[in-house]
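Undergrad: this is the structure alone, sequence omitted:
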């Protein structure tokens, strides 16, 4: 049973204050994310109220909820975490390939100039 006065969130105490974090979960973003998203979903309260009760900024909670909804397939307007990670990796790989291409272009121009240079003929 959820205590009265917590807005329906199982992670909030009677006065709406967050439960004391356990030493193992303190500072753990995945745990904090799961708690915040659970509170937001179970409470049906505005994001700003839940964020204030959890002691986090409302935009942080809003972003976490949007990400969780995208990961669950509930939102089509946002990339999932896996898609974001893949996009990040592809952008990194693209930057490396562009850098390698620039090096190859410079080397090609250097060697082309060497081949086009007139050679001195040996004198007899």
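TA: Arrived safely, thanks for sending. Treat the numbers as computed from the prediction; the structure is a model and nothing was measured.
Undergrad: might one say that residue 64 is in contact with residue 31?
TA: No: using C-beta atoms under 8 Å, residue 64 is not in contact with residue 31; the gap is 11.9 Å. Quick note: C-beta positions are derived from backbone N, CA and C, even for glycine.
Undergrad: out of the two, which sits in the busier spot?
TA: Of the pair residue 64 and residue 31, residue 64 is the one with more neighbours under other C-beta atoms under 10 Å, namely 21 against 14.
Undergrad: now that one: which helix or strand?
TA: In this assignment (DSSP states H and E), residue 64 forms part of helix 58-71.
Undergrad: and residue 76, its phi and psi?
TA: Dihedral angles of residue 76 (phi, psi; degrees, to the nearest 10) stand at phi -110, psi -10.
Undergrad: run through the residues that contact it.
TA: Residue 76 makes no contacts at all, as judged by C-beta atoms under 8 Å, 6 or more residues apart in numbering.
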